[in-house]
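K.L.:
sequence and computational prediction follow.
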Amino acid sequence: MLNIKELSLKELEELLVSWGEKRFHAAQIFSWIYQRGAQDFSQMSNLSLALRKKLEERLQFSSLNLAANLKSSDGTEKFLFSLADNNFIEAVSIPMQKRLTGCVSSQAGCKFACSFCASGVAGFRRNLSAAEIIDQALFLNNHSHGKLTHLVFMGTGEPLDNYENVLKAIRIINSPQSLNIGARRITISTSGIIPAIRQLEKEGLQIELSVSLHAADNRTRDSIMPINKKYPLQELIAACKNYIQATNRQVTFEYILIKGLNSDLQNALNLGKILKRMNCKVNLIPANPVEELKIFPPEKKEIVAFKTSLLKSGINATLRKSRGEDIHAACGQLRLKYEKS
Ligand code: SAH
């Protein structure tokens, strides 16, 4: 059965008309779901009982089952959901001054097996549907009484490996009658799927692109991100340059600083070289320790030296403050903990 949350406003209008109903009910239904937090059709009290019954019989109104919920001392909140087929996914809400950023998953598990990331440890299960992606954003918005302002695809999975569903979800989340989160406030984070980056630049959406770089040469990147063997660094950087040109948007590069691996001065200099004169920003992230993977952040001194070197090369670099460490909010860690128990 088709899920109501898989439908754009226009598609819902067309569906209602095909049922012999009035088009304008679609906007009412959208408002109930996305602005008033309705949990089922029976709550939609300005629709006739007959229409509510029709909707109930013909459309699914899924939502996520909350399996666990942890709140950090810094206000970051993490939610673990169980899906209809007993897979788990996680989403995080991160308050920052006037912003509230939701971090959502795009897949149950991950195929890409980056050596520092907890999400890939238990392998890949399946793509999330657009409804399952929307449901995470909707949950975070309802939970915060409508305060969600930004959305990042930095939960479990590779969003550009689930392209159709992610884009469908973004278009719905983006629409004014839905959650109305502007494309510029939505970030897709990718390990670097080049053909999908090329496709994304043609969508006519100003989505923020964030690329998980984590290394400044192929040898290092090959050793921590297997995807680099398929889509090597130079080609990835070239695709990013095209994206910047086509969309007139800055690209952000994520760079996890991992002790003993990519965090010395030579790496900083190499990074400065390959990003020279690009309209980009580097987000430095001291690695979140993952016991299972023997991943640790470098000393504070090395982190600061890395950043200083980038600034000297003329690269706009910021150091990301880690959030929610006390609740395993980082990168698939809660899910991993649950799957083990
Ligand atoms: N697959 C996408 C999106 C999910 S990961 C991607 O690779 O970008 C979201 C971010 O978390 C990525 O930048 C990823 O590299 C980072 N991440 C994964 N494990 C981490 C760890 N142990 N410490 C810090 N960041 C980590």
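P.N.:
All right, it came through fine.
K.L.:
phi, psi of residue 153?
P.N.:
Residue 153 adopts backbone torsions of phi -90, psi 70, taken as degrees, to the nearest 10.
K.L.:
change the start of the numbering to 22 and stick with it
P.N.:
New numbering, starting at 22: the last item is residue 174.
K.L.:
wait, isn't it in contact with residue 187?
P.N.:
Yes: at 6.7 Å, residue 174 counts as touching residue 187 under the criterion of C-beta atoms under 8 Å. No exception for glycine: its C-beta is placed from N, CA and C like everyone else's.
K.L.:
list residues touching both of those two?
P.N.:
Common contact partners of residue 174 and residue 187 (C-beta atoms under 8 Å, 6 or more residues apart in numbering): 127, 180, 209.
K.L.:
give the contact list for the first one.
P.N.:
Put plainly, it is residue 127. Taking C-beta under 8 Å, 6+ apart as the test, what residue 127 contacts is 148-149, 154, 174, 176-180, 182-183, 186-187.
K.L.:
give me the distance between the closest residue in space to residue 40 that isn't next to it in sequence and residue 64.
P.N.:
Nearest-residue entry for residue 40: residue 75, 6.5 Å, with adjacent residues in sequence omitted and distances by C-beta to C-beta, 6 or more residues apart in numbering. To residue 64, residue 75 is 16 Å away according to C-beta to C-beta, to the nearest Å.
K.L.:
next one: residue 119
P.N.:
From residue 119 to residue 64 the distance is 30 Å (C-beta to C-beta).
K.L.:
so which of the two has more stuff around it?
P.N.:
Each of residue 119 and residue 64 has its neighbours counted (other C-beta atoms under 10 Å); residue 64 has more, 13 against 7.
K.L.:
was I right about the more buried one contacting residue 53?
P.N.:
Yes: at 6.8 Å, residue 64 counts as touching residue 53 under the criterion of C-beta under 8 Å.
K.L.:
among the shared contacts of residue 174 and residue 187, which one lies nearest to the ligand?
P.N.:
The ligand has its nearest neighbour among the shared contacts of residue 174 and residue 187 in residue 180, at 6.2 Å by C-beta to the nearest ligand atom.
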